[in-house]
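>>> Just the structure for this:
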Amino acid sequence: MDHINFQSDTKPLVYIESTFYDQWNHVYPPFYRSKTQTNPFEMQSSKEKYTILILTHKKRFYQLNRILLQLNGLINLDRILVLFNQIDRIENSKNENLSLKDFLGDFYSYLPSVHVEIVYIFNLSNNLNNRFLPWNQFVHTDCILSLDNDSFLRQDEVEYGFRVWKENPSHHVGFISRSHKSNTSEYDASSSSCSYSMILTGAAFLHRWYLDFYPNIMSEQIRQYVQLNMNCEDIAMNFLISYLTKQSPIKIGHRETFYCYNCQESLSSILEKEQEQSVVYGSTDFGKNCTTNDKYKDLLGKVSTMLKIKPHSVKTEKENSIELLTAVECKGIVGNDGRHYLLDLLRMAPPDLNYLSIDAEHISSAMKQLDYPKTYKHRLCCLRQELIDAFVEQKYVDFYRSIALNLSKLRSGEAASSETTEQANVEEAKRIVNEISVEDNSREIIQSACRSIGSVKDNEFDIRFNPDLFQPYVTLDQTPDETAADIKLLKEAAEYLVLKQIPLMIQDFQDHSGVPVDGESLSEAMHSRGINIRYLGRVAQVVTQQPSLGYIYEIVATEILCRSAKHVFRTYLQSVPTHLLSFSISHFLNCFLTIISSPTTDNSFDELSALSSQSTNNAPNVLLSNSTNISSQKTNSKNKNKNKKQQQRKYIPTIRNESLEFSSLTSEVLWSQLTNEAKSRYSFDLNCDDIESFIHEYSVRRTCILRSFCRKSGLQITMREYQFEFLNKTSRFNNECFNELDIINIYPIIKHVPPKPSDAYQFFTSGQQKIQQGLLREGFDLISEAHNLLNNVYGPMHPEISMCLRLLARLNYIMGDYQEALMTQHKAVMMSERVLGIDHPQTATEYIHMALYSFANGLSINASKLLCRARYIILICCGENHPQISLIDSNLGLILQSYGDYENALKFMEKSLQLNKIFYGTKSLKVALSHHLCARIQSCRGDFRSALNSEREAYQIYKLQLGDEHERTRESAQVLKHLTEQAVVLQRRINDVVKGQLLVIPSLTIQQPSFQNVLEMLNVVNGILFIQIREKDLEILRDEFAKQSIGNQQTSVSSMTISEAVDQAAALLNNEID
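The predicted structure is shown next:
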C-alpha cells in the first residue's frame, strides 16, 4: 500500500498522515463538510436512510427489472440511482436530446414502479469507475448501498446491513467476500469462511465521503487501469478505505449458508493459530483425543456439584485416562485475555433414556407397557434441571428413611413393615439420624443407605449423573459395576419423570386453582416440574383419566397442534420468495384454519398482482438523459397505465417460475403433515383430517388456535373479525378468510433465562411466610422491600414487579385501605398489559383483582366492564370450559345483582353453577355456594319457587358435607325458612286474586342485598375470608397460650414472655385476616 500513490495529478502532492480523521479531512474536505465537525462519520444526516446505486447496461435489463422489484418495500430506502453504461456504438450516442425511451427502446414499457423515486442516468461511457462518482445532485444520504444488477439480497439482510453500517460508518460493510491465499494467485470465494481479504463492492455499504475521494484524490493511474481492464474496482475501493482509515472491512454472512466452524475465533478472539494453547480441556474429535486442566477442574468443581454432574474418566485412542467434570464435547479454552472459556454446553444435563435407542434390559416393565423408549428427531434429549432437583430431593427423603429404618431395626431387633416405613415422617427420620452414634454402627448404616440410593460417596449423600452414558463414541474408564450403578440411577430418574412427576402435576391440577389457561402457561407448569415438552402426548394420556380435567385435555391437544404447525410452517417458509411472503403465509393460514381443497392457480397470482399494484406507492420515476445534459421527462398517464398492465402480464409468469412449491399446499396435505409431526414428536394421534374434525373432536375455538399459532411463530396479523365460514363467491381471494393484506409482520421469538436477584427473592419469600403467619404489616414491609430491589435490578417494567404490586394491592385490601389497593392494582394491570400483552391470561387475572377493588370503592360499573374484559381474554385463550370463566361469572352475577340487573346476573350465575358441577362435582361446597347465590338472585326477581329449589340443593350439600350443626348448614336452613314464608305469602295473595277477593296482586317487599353483603359474598367467591374475633374468644386464646407456654418451659426457652405473645395474638386477631 505504501508504494501506491493515492494523490491525484490535479491536486498538490501532500503527504497525508492517515492516523487521525481531522488531518486528512482538513487537507481534502468533502463537499458537505460541517464547519463544526471535522470527522464526517460523526455527522448526523438529515435522513437516516440509504441510497442504492446500481451499475448496469441495457443488455442486462431483465436482471435490473428483477432486482428493482426485489427492492420494493425497503423501509429505510431513500432513493434508487440506476447507472446505464453504454456498451453499444449507436449513431446518436452523443445526442444530448436522447431520451430514456429512445435509449431503452422496447424495454422502456417494462420499467417497474416501486415505493421510492428511481433516478435513471444513462448513455454513460462504459467505465466501471462510474459506480464511484459522487453524483452530488442525486445522493442525499450519507449511506450508499452499491449493488450489481445480479446481487439479490433479502430485504431483512439489507436492513440488517444498514444497521451494521450505522454502527460502523467509516467501515466498508458488505455481503460478498474474497479471501486471497498468501504468495499465490489463488483466492477463495466461499461464503462459509470467516476469513477474508476484501469485500466486493457489488453488494456493500459505504459512506458517500469515499465517492468524493475516489475520483478526486486517488491516483489517476489506478482509475485508468480499472477502465482499461474492466476489473479491479473492488480492490481499488478496499485499498482506498483501508489506507485512509487503517480499518478492515466488515463482512455480513448469510444465515442459511454460513457454517464456519471457526466463527468463534472472530467472536471472542480466543482461537488463533499463533496462540500456543487452544483447547486445554475437553475434546474436539468426540473423545478420540482428550485433555484436561487443573485450573478447569477447580473452576468446574462447584459447577458440577450444582448441576449434579459426576466426575468420571474417559479413555482416548491412545488408551490414556482423562478425568472430566463435564461431557466430552465441552471444550475449555484460554483466551488472549487470560480468561477461561467453556464452549459447546449441549449435554451438560444427563440424557433422557426414554428417548434414546438403548437395549431393552435398561427399561423396566412399567416403562415398556407405556411404549418406552421412543424415537426422536435427534439424540440431544436431556433431562431438565428442575427434574434433577426434584429427583435428588426425593432421593434425599429416601436416604433419611433408609437410615431411620435400619437404625430402628438395629436398636429394637425387630423388622418394621415396609408400609410403616413409607408412612414415616421425614422430620422424625431426621431426628433419629441425628441421634446416631458410633456405638450404634452408624458408619455401616450410612454406607448401606448411600449404596441403596446410588450416592457417589460412601459416607454422605451425593447424587451425581454421568453425562457421557450411552454415547457411542465415548469409552468410559470405570468398572462395570460403576457403569451399572450410573445406568440404574439414570433409569430411575427417567422413570421418576413419567411415573411420578407427571401424575403429581395432574394431581395438582385437580383443585382447579393454579391450572393453565393456554399453551404458554401449560409449558411453564411443565417446565417448573422438570417435564419436557416432548412429553405432551403422555400428559394427554394421563389427563384423559380425569373427567373433571377435560379443559386441560383441550389445552394439551391445542398445544400439540400449534407446535406441530410451527415446525411445518418453518419448513414451509424456506422455499418461499421474499416478495411472496405475505401471500404464502395467508395461504398457509387458510389451509390450516379453513378448508382449501385446490392449490393456488394462475388466476390467484393475477389477482395478487392486482392487489399489489393497488397498494404500491405511485412515486414518479425521474428519467434522465446522458451525463452532459441531465433532464427529466413526464410520461403520459394513459401510456403509464398501459405500461403497468403490460408489466403485470409480462412479469407475473416469471414470478411463478421462481419457486412456487408453497402454492401446491392444500388443507389435506397440510393436515397430513401435522398428523405425522404430532405423532413423531409428541406420540399423540390427532386423528383429524381438517380443522372441522379437530374442532368437533376437541371442542376448541378457531380463535384459540389462531392466537396460539401466531404467538409461537412470531406472526402479527391485522386485528379484525375473521369470518371462517366460507361464502360462495367467484373470486378465490373473496372466498378465503385470510389475504396478504392481513399479514403485518413476523418478529423473532427470543428465549432466554432471566437473571434472578437473590436478595429480592429472599425478601419476597420472607414476606409470604409472614403473611401466612398472620403478620400482615411485617409481610407488607418485606414485599415492599422486594419490590424496590426488583425495580433497581429489572427497571420499572417486569412481570415479577407486577406480581409484587398485585400482592401489595391484596394486602392493602385486606387491611381495609381500598383506595390504595385500587391504585396499586391499577399499576399492576398497566404493567401486565405492557410486559405480558393485552391478551395474556395473567392480564385477565389482574383485571379480576382490579374489579374487586373497584367495586369496594363504589365503582360497580367499572368493575363489571373489567370482568367482561377478563372474560373475553379467557375466551380467546381457551374458551368457556375453564374454571376462570366460572370465577368471572360468579363475580359478574354478584355485581350485576348489586345494581338491579337480575336477568343478566342470573344468566352468569347459572353458567357458573353449570361449570362448577363439571369441575368439582355435584356435591361439592363450591356447587352449594353457587346454588345459594342463584337462590339470592331468584328471590330478588320474585321467583320464590326456583329460589326454594336452589337453596334446598345448597342445604342438602352442606348437610352432607358439613353436618347439621355447622354454621353454614344452619344459615342455609334459615334462608330456606325465610323463602318458604315469602312463597306462602305470595301464594295466598294469588289465591285471593283467583277467588276475587283482590283485584290486583299486591307487590311484595323484596329487600335488595346491601352493598356490604354483596362485598362479603365477593370476598368469599374470590377466596378472601375475614374472621371476626370476640373478646370472649380472646380470653380463651390467652388461657390456651398460657397452658402451652407452661408446658414448654422445661424443654425450651421462649424468646418472648407469655403476656407479649398474648398481646401480639390479640393485636393480630383484632385485625381482619385473609
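>>> show me the contacts for the closest residue to residue 873 other than its chain neighbours.
Spatial nearest neighbour of residue 873, excluding adjacent residues (Cβ to Cβ, 6 or more residues apart in numbering): residue 844 at 4.1 Å. Where you see a C-beta, it was placed from the backbone N, CA and C, and this is true even at glycine. Residue 844 makes contacts with 517, 869-871, 873-874, 877, 884, as judged by Cβ atoms under 8 Å, 6 or more residues apart in numbering.
>>> What is the helix or strand containing residue 389 packed up against?
Assigning secondary structure by DSSP states H and E places residue 389 in helix 385-412. Contacts defined by 3 or more Cβ pairs under 8 Å, 6 or more residues apart in numbering; DSSP states H and E place helix 385-412 against helix 426-434, helix 442-453, helix 480-496.
>>> Of all the residues in that helix, which ones are buried?
387-388, 390-392, 394-395, 398-408 (16 or more other Cβ atoms under 10 Å).
>>> centre of the chain versus that helix, how much separation?
Here the centre of helix 385-412 is set off from its chain's centre by 38 Å, with Cα atoms, centre = their mean, to the nearest Å.
>>> Report the inter-axis angle for it versus helix 480-496.
110 degrees (axes from the mean of the first three to the mean of the last three Cα atoms, to 10 degrees).
>>> what ranges do the strands span in the stretch 151-300 of the chain?
Ranges of strands within the stretch 151-300 of the chain are 173-174, 177-180, 187-188, 198-199, 203-207, 250-251, 279-283, 290-291, based on DSSP state E, counting those that start in this stretch.
>>> among these, which gets the worst mean confidence?
When the strands of the stretch 151-300 of the chain are compared by mean pLDDT, strand 187-188 comes last with a mean of 68.
>>> So what would you say the end-to-end distance of stretch 871-882 is?
Counting by Cα to Cα, to the nearest Å, you get 11 Å between the two ends of stretch 871-882.
>>> What lies in contact with that stretch?
The contact list for stretch 871-882 (Cβ under 8 Å, 6+ apart) reads 515, 517-518, 550-551, 554-555, 558, 699-701, 703-704, 707, 838-841, 843-844, 847, 884-885, 888-889, 892, 911, 915, 918.
>>> what's the spacing between it and its chain's center?
With Cα atoms, centre = their mean, you get 21 Å for stretch 871-882.
>>> so who does the residue lying closest to residue 459 once chain neighbours are set aside touch?
Distances taken as Cβ to Cβ, 6+ apart put residue 446 closest to residue 459, at 5.9 Å, once the chain neighbours are dropped. Residues near residue 446 by Cβ under 8 Å, 6+ apart: 403, 436, 458-460.
>>> Could you identify which of the strands of the stretch 151-300 of the chain is most buried?
When the strands of the stretch 151-300 of the chain are scored by mean count of other Cβ atoms under 10 Å, the highest mean neighbour count falls to strand 173-174 (a mean of 26).
>>> Can you classify residue 1012 by secondary structure?
Taken by DSSP: H, G, I helix; E, B strand; the rest coil, the conformation at residue 1012 corresponds to helix.
>>> distance of it from residue 856?
According to Cβ to Cβ, to the nearest Å, residue 1012 and residue 856 sit 10 Å apart.
>>> who has more neighbours, these two?
residue 856 (20 against 8; other Cβ atoms under 10 Å).
>>> Check the gap between that one and residue 877 for me.
Going from residue 856 to residue 877 by Cβ to Cβ gives 27 Å.
>>> will you turn the helices and strands packed on helix 385-412 into a markdown table that also has mean pLDDT?
Converted to a markdown table, these look like this (pLDDT from 0 to 100):
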| stretch | mean pLDDT |
| --- | --- |
| helix 426-434 | 58 |
| helix 442-453 | 81 |
| helix 480-496 | 91 |
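>>> Show me which of the contacts of stretch 871-882 are buried.
So, by 16+ other Cβ under 10 Å, the buried ones in the contacts of stretch 871-882 are 515, 517-518, 550-551, 554-555, 558, 700-701, 704, 707, 839-841, 843-844, 847, 884-885, 888-889, 892, 911, 915, 918.
>>> what's the nearest residue to residue 366 if we skip its chain neighbours?
Nearest to residue 366 is residue 499, by Cβ to Cβ, 6+ apart, at 6.4 Å.
>>> how much space between that neighbour and residue 805?
In terms of Cβ to Cβ, residue 499 sits 40 Å off from residue 805.
>>> out of the two, which sits in the busier spot?
Per other Cβ under 10 Å, whichever of residue 499 and residue 805 has more neighbours is residue 805, with 23 against 14.
>>> Identify the residues contacting that one.
Residue 805 touches 787, 824-825, 827-828, 831, counting by Cβ under 8 Å, 6+ apart.
>>> burial of residue 664, as a residue count?
Using other Cβ under 10 Å, residue 664 has 9 other residues around it.
>>> Does the closest residue to it other than its chain neighbours belong to a helix, a strand or coil?
Of all residues not flanking residue 664 in the chain, residue 599 sits nearest, at 4.6 Å (Cβ to Cβ, 6+ apart). Following three-state DSSP, residue 599 is assigned to coil.
>>> if we can go back for a sec, narrow the contacts of residue 805 to those that are buried.
Buried, going by 16+ other Cβ under 10 Å: 787, 824-825, 827-828, 831, out of the contacts of residue 805.
>>> Among those residues, which lie within strands?
The members of those all map outside strands under DSSP state E.
>>> now those residues as TSV including distance to residue 773 and pLDDT?
Below are these laid out as TSV (distance: Cβ to Cβ, whole Å; pLDDT from 0 to 100):
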residue	distance to residue 773	pLDDT
787	20	93
824	22	95
825	24	95
827	27	95
828	24	95
831	28	95
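>>> just so I have it, where are all the helices in the stretch 701-850 of the chain?
Secondary structure of the stretch 701-850 of the chain by DSSP state H, counting those that start in this stretch: the helices cover 702-713, 732-735, 758-772, 776-794, 799-814, 818-835, 841-856.
>>> ok, back up a step: for the residue nearest to residue 873, give its distance to residue 899.
Distance, residue 844 to residue 899, using Cβ to Cβ: 23 Å.
>>> With residue 532 instead?
Distance from residue 532 to residue 899, by Cβ to Cβ: 50 Å.
>>> the more surrounded of the two?
Remark: of residue 532 and residue 899, residue 532 carries more neighbours, 17 against 13, as counted by other Cβ under 10 Å.
>>> isn't the more buried one right up against residue 539?
No - the pair residue 532 / residue 539 is not scored as a contact, 10.5 Å apart, by Cβ atoms under 8 Å.
>>> Identify the contacts common to these two.
Common neighbours of residue 532 and residue 539 (Cβ under 8 Å, 6+ apart) are residue 526.
>>> Output stretch 683-690 as PDB, nothing but the C-alphas.
C-alpha atoms of stretch 683-690 as PDB (Å, rounded to 0.1, in the frame of the first residue of the first chain):
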ATOM      1  CA  SER A 683     -46.500 -39.500  20.300                       C
ATOM      2  CA  PHE A 684     -50.000 -38.200  20.000                       C
ATOM      3  CA  ASP A 685     -52.600 -39.100  17.300                       C
ATOM      4  CA  LEU A 686     -54.600 -36.100  16.300                       C
ATOM      5  CA  ASN A 687     -57.000 -38.400  14.400                       C
ATOM      6  CA  CYS A 688     -58.200 -35.400  12.300                       C
ATOM      7  CA  ASP A 689     -58.200 -34.700   8.600                       C
ATOM      8  CA  ASP A 690     -59.000 -31.000   8.700                       C
END
